[in-house]
Each structure stands twice: as C-alpha cells, then as structure tokens.
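Q: show me how the following folds:
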Amino acid sequence: MKATDLIFVSIILFLVFVVHAADDWQKKTPSTNPSARYLHSMAYIGSYKVLLFGGNDTNTLNEDDESWVYDHNTNNWTQKVIIPSPAAREEHAMAYIGSDKALLFGGDTAPGYVNDTWIYDFSENTWTEKNPLVKPSKRQWHAMSYIGDDKVLLFGGYSGSSNFDDTWVYDLSSNSWTDKESGETWETGIDKPSARNRHDMAYIGGDQVLLFGGSNGSNETWLYDLSENNWTLKTLSGPSPRASHAMAYIGESKVLLFGGSTGGNETWVYDLSSNTWSQDANSTQPTSRSQHKMSETSMDGSSKIVLFGGYDDSRDDETWTFGGGDYSLPIRLSSFSATAGDGQVSLKWPTQSEINNLGFIIERSNNNKNFFKEIASYLHNPQLKGQGNSHRETSYHFTDKNVTNGFTYYYKLIDVDFNGNRTEHGPVSATPNASGAEIEKKSFKTTRFYLYQNYPNPFNPETTIKFELPVNNRGPESVDLTVFNTLGEVVRSLYHGKLADGVYEMHWDGKDNSGVKLPSGFYFCRLRAGFLSQSKKLFLVR
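A: Got it, this is the predicted structure:
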C-alpha cells in the first residue's frame, strides 16, 4: 500500500471516530451559583441534589463557610443559611452517607488543621457536629467516599509535616470512626496505598471504593473492599500520575476522573469489570484545572455527574455536567414519587429522555431494605412499556390498590434496556390512609412522640411538618394533624387516619380546607395520636 493510501485511510478512520464520538460534557448556566473557588468539597444528598461547602474563594478571609445545594433537575444553585455550621475551611472532604445526608470531616481552618465530624441533613437543613469518641487525627487533603449502608471510607491526608496512610470507616448508625488497620482482620504487612495527599476516591458499587493518584507521584489504581477489609492494587496503566483531580461514580462499576495538577482537561473512565482505564474524547469540555470537585447526582448511575469550580489560572465558578453522550443514560428520571391515598398508593415518574428503554418493573416491600417483590411489569402492563429512544418528556404512573390503610409500603422502580440491563431507582415510601392526604415516611426508627418545628419558619408559600410516632402494642395509631388560627378555629385538616410507628413528613401550602390562600399571621399546628398531643407555632408571611 502506498504512503498516500495510508494517509487517506488514516484520515477516514479519524473522521469516523469524530462522527461517532458524542460529547458527554455540557456547560450549565444556572441563574445563581457559588462564587469562584477551589479547595471546596461536594457530595450527593439524594433526589438529584448535591451539597457544596467551603473552599477558597475571593472574599477577604479566603476560607469560606457557605453551604450551597445544586438541584440537577432544575439546574439551580441555592445558598442555605444554617446556624450552627462548620467553621470556614478548605482542603476538607465530604461524602454521601445515605438518605439525604452528607458527612464532612477535617480540613484547614483559620486556627489550623481540624478533625471535626459534621452531618448535613437536607430535609432538616441542619449541620450537626457528631463528636465521636474516637476519630482520625487532624488533617487536610484527605479523601472520603460513600461505601454503602450509611458508611463512609477515609484514606490518607496531610498533617503539615507528613502524609497519612491510614484507613478509617465512619458508621452513621453508631456515630463511630473505626481504624480498619487496628482490627484482627488486618494482616501485618498487607498491601495498601502508600502515604499521600491530594488523591481522590469514588464509590464503585457494592461496598467497594476506587482510589487513584495523589501527591506521591504515582498513577496507581487501588480498590478497597469493606467486607474483605483489604486494599488491592488493580493497575498501573491509565491516566498519567497526577494530584488534585476529581472522581465520581457513573454506575455499572465505572468511575469518572477529570483533570488534575498534571492532567490538563483529560476525561478518563475506569471499568472495574475489565480493570481498564479509557480516555473519553469530547469536543466541548471544562478547561484544564485542578482542585475542583465532582459529585454524583444519583448513586445508581441513572443521572449525570456535576462539576463545579477549581483552579484554571484563576478561581473558577463554572458548573458542568457529564453523561448522555458516549456514556448514555438508559433513562433520565425527573423524579420518582409515591403518594398515599385511601386504600391506594399512586406512583409517578416523568422521564426527560430514554435510550433503548424496554419498560419498567415495580417492586414493593414492607421493609425499606429487604424482601422486595415484583408487583407490576412492562411485560404485562401496557402503561409500563418504555419509549425505546426518546428525547421528549414522558409521564408514567401506576396505582397500587392492593394495600391496607395505616401500613407503610416501599417501592423500587426498575428500568430495563434492550440488552436486559436493569437500573434501580428508589426506594420511595407511602402510607395509605383514610383521609387520602399525601404523607411520606422517612426510613428512621424512633421511640418517642414528637412534633418538630416546621421548616422553613417563617414560610411562604409552603412548609414541611415532621413528626415521630413511637412503637406501641396496639398497632397503627389513629393520628390527626390539624392547623388552627389564633382564635382556635380549624383552618386546615392536614391528616386524619392510622399510622404505624416511624418518622413522617407532610407539606402545608398555606391554604385552608377550601384551597383558599390564608393571610399572613401566626397559626398553630397540633399533632394528636391516641392520648398524646403536641403543638407548634407556625408563621406564614405573604
């Protein structure tokens, strides 16, 4: 073959690659966003939302104490004003820890390095310092990742004089940090990553976490397995050595990596099933940067990754998302909700787009973690059949009428693609009741009767009312949740029916029983369950 023929073939092959490569990166333009910054941290907090805290921005003190929430469904950043909250800091770490919560640990503050442990609760919009008895030492530039079952993995970091190579796991249920090298299961001389900082880690499914790179100048890829309590060196082939990069889980045992101190604006994807790194080509992508952060907007790979900020010759305030091109999403859910009625639960899930979607399967359980059983399928229910390939919004619904009032049911939604791959969404829960009012049960145990202060308060136009019902020997309790005006007159009956023990939430839209907007002023919300009663003052501002 002539040289000119080789050149021609090469050009043709290159053109074919460009034509078939689809961009995954998309620059977003929210109406408001955090100020330009780097050295911040981000974490998923449920329902396609991401929490951002702190960093080094352009204000006088440099270290920032702002809390922001990004909603991927609405492309909106919202600053959360919370007292108390962690001190202003940078070079800290955060990770999703189940439900709608995120864990924050350590970092560099104005007085110096810290080792405090905080939990952000999105539904309560609160920061809570946990103060466990044992915890990792003070540090910065460490990495953390969700590792399943309300637990977070921490590795490494920097103390100001040396790097760390310790492995810790925080358990939210027991509010405890455990040094995983101190237990009997950790073998002497076991392989593990060397001491380092400015590395990153990401959940990769099950109870496993992937680690790459760091200040030690390596391009090692390590896998930590919680059930085995060991580190495994996976491969030395892939991205070049780098630090201050960012990683996130994209589903199907794959992790996304972007940028870094020597990584330019390269996009890489690691596949655990084949133990390989592959570079993803995009014509549009973020500029070269380091000290940025990325986060999942779902933990099942059904939604995009969000990136914010970093340093690209100056502080950056851009918001980018990844996914939908070469790494297509089998389905893009806007939401998945369960609404309680009288003797029924209505499930709804609108999709923004679908790729190779055969249809949906619905599973139900009376336990939020185990024993889910299929109750409906696209194979037998025409309304559950997918659109195949569609870029238009489609609304789906299913009504479960095989339920009993007063009992809580949990639902999972599963979409199935043309290759038989299944992706789970949820679970969501609802408790059918005689009043037919919408009420959501949170997956927390409780032993007390308690009515929380509504949030927000003052409010306009809507507020959330949360309450707890204790275990009793009588089964589901008759419950009333009612709003009164200052004259003691009933203006809104929010709920009347039976409920089992648990933690519940309801939303009030500031309207009376006729649907008319009530005027500004003070109102009282009363919770009754059996012989127990509590009240809270609500302030509506129009």
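
Q: could you pull out the strands in the stretch 101-250 of the chain for me?
A: 101-109, 112-121, 126-129, 143-146, 151-158, 163-171, 176-179, 200-203, 208-212, 221-225, 230-235, 246-251 (DSSP state E, counting those that start in this stretch).

Q: could I get those strands as JSON lines with mean neighbour count and distance to residue 57?
A: (C-beta placed from N, C-alpha, C; glycine too.) Putting these into JSON lines (neighbours: other CB atoms under 10 Å; distance: least, CB to CB, whole Å) gives the following:
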{"stretch": "strand 101-109", "mean neighbour count": "25", "distance to residue 57": "14"}
{"stretch": "strand 112-121", "mean neighbour count": "18", "distance to residue 57": "19"}
{"stretch": "strand 126-129", "mean neighbour count": "15", "distance to residue 57": "19"}
{"stretch": "strand 143-146", "mean neighbour count": "26", "distance to residue 57": "22"}
{"stretch": "strand 151-158", "mean neighbour count": "26", "distance to residue 57": "21"}
{"stretch": "strand 163-171", "mean neighbour count": "19", "distance to residue 57": "26"}
{"stretch": "strand 176-179", "mean neighbour count": "16", "distance to residue 57": "29"}
{"stretch": "strand 200-203", "mean neighbour count": "26", "distance to residue 57": "21"}
{"stretch": "strand 208-212", "mean neighbour count": "26", "distance to residue 57": "27"}
{"stretch": "strand 221-225", "mean neighbour count": "21", "distance to residue 57": "32"}
{"stretch": "strand 230-235", "mean neighbour count": "16", "distance to residue 57": "35"}
{"stretch": "strand 246-251", "mean neighbour count": "25", "distance to residue 57": "18"}
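
Q: turn these into a markdown table, including distance to residue 411 and mean pLDDT.
A: Listed next are these as a markdown table, based on distance: least, CB to CB, whole Å; pLDDT from 0 to 100:
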| stretch | distance to residue 411 | mean pLDDT |
| --- | --- | --- |
| strand 101-109 | 21 | 96 |
| strand 112-121 | 23 | 96 |
| strand 126-129 | 28 | 96 |
| strand 143-146 | 23 | 98 |
| strand 151-158 | 25 | 97 |
| strand 163-171 | 27 | 96 |
| strand 176-179 | 32 | 96 |
| strand 200-203 | 24 | 97 |
| strand 208-212 | 27 | 97 |
| strand 221-225 | 30 | 96 |
| strand 230-235 | 36 | 92 |
| strand 246-251 | 20 | 94 |
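
Q: including distance to residue 78, could the ones you listed go into CSV?
A: Listed next are the strands of the stretch 101-250 of the chain as CSV, based on distance: least, CB to CB, whole Å:
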stretch, distance to residue 78
strand 101-109, 15
strand 112-121, 14
strand 126-129, 15
strand 143-146, 23
strand 151-158, 24
strand 163-171, 27
strand 176-179, 31
strand 200-203, 25
strand 208-212, 29
strand 221-225, 34
strand 230-235, 38
strand 246-251, 21
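
Q: so which of these gets nearest residue 28?
A: Ranking the strands of the stretch 101-250 of the chain by proximity to residue 28 (CB to CB) places strand 246-251 first, at 15.8 Å.

Q: could you chop the protein up by domain?
A: 3-28+38-322, 331-430, 440-540 (automatic domain parsing).

Q: how far off centre is the second one?
A: Looking back up the chat, that one is domain 331-430. Its chain's average C-alpha position is 20 Å from that of domain 331-430, according to CA atoms, centre = their mean, to the nearest Å.

Q: could you do the longest one as well?
A: Remark: domain 3-28+38-322 is offset 13 Å from the chain centroid, using CA atoms, centre = their mean.

Q: one step back: from the domains of the chain, which stretch is densest packed?
A: Stretch with highest mean neighbour count among the domains of the chain: domain 3-28+38-322 (a mean of 19; mean count of other CB atoms under 10 Å).

Q: quick check, residue 439 in contact with residue 507.
A: No: Residue 439 lies out of contact with residue 507 (CB atoms under 8 Å); the separation is 9.2 Å.

Q: in contact with the closest residue in space to residue 139 that isn't next to it in sequence, which residues?
A: The shortest distance from residue 139 to any non-neighbouring residue, by CB to CB, 6 or more residues apart in numbering, is to residue 157 (3.6 Å). The contact partners of residue 157, by CB atoms under 8 Å, 6 or more residues apart in numbering, come to 106, 136, 139, 140, 141, 142, 143, 163, 164, 197.

Q: and with 7 Å instead?
A: Residue 157 makes contact with 139, 140, 141, 142, 164, 197 under the criterion CB atoms under 7 Å, 6 or more residues apart in numbering.

Q: for those, which two are the farthest from each other?
A: 140 and 164 (10.4 Å).

Q: ranges for the helices of this protein?
A: Per DSSP state H, the chain carries helices over the ranges 3-20.

Q: sorry, back to before: which of the contacts of residue 157 lies closest to residue 152?
A: Looking across the contacts of residue 157 and measuring by CB to CB, the closest to residue 152 is residue 142, at 11.5 Å.

Q: surely the closest one and residue 152 touch.
A: No: judged on CB atoms under 7 Å, residue 142 makes no contact with residue 152 at a distance of 11.5 Å.

Q: leaving out chain neighbours, which residue sits closest to residue 360?
A: Per CB to CB, 6+ apart, closest to residue 360 is residue 384, 4.5 Å.

Q: report pLDDT for that neighbour.
A: Model confidence at residue 384, given as pLDDT, is 94.

Q: my guess is it meets residue 349, correct?
A: No: using CB under 7 Å, residue 384 makes no contact with residue 349, being 10.3 Å away.

Q: only alpha carbons, please: show stretch 510-522 as CSV.
A: The C-alpha coordinates for stretch 510-522 follow below in CSV (Å, rounded to 0.1, in the frame of the first residue of the first chain):
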residue,chain,number,x,y,z
GLY,A,510,-50.6,27.8,53.4
LYS,A,511,-54.2,27.2,52.2
ASP,A,512,-57.4,26.4,54.1
ASN,A,513,-59.6,23.3,53.6
SER,A,514,-61.3,25.1,50.6
GLY,A,515,-58.0,25.7,48.8
VAL,A,516,-58.0,29.5,49.6
LYS,A,517,-54.7,31.1,50.5
LEU,A,518,-54.6,32.2,54.1
PRO,A,519,-53.4,35.6,55.1
SER,A,520,-50.1,36.4,56.8
GLY,A,521,-50.0,35.6,60.5
PHE,A,522,-49.4,33.1,63.3
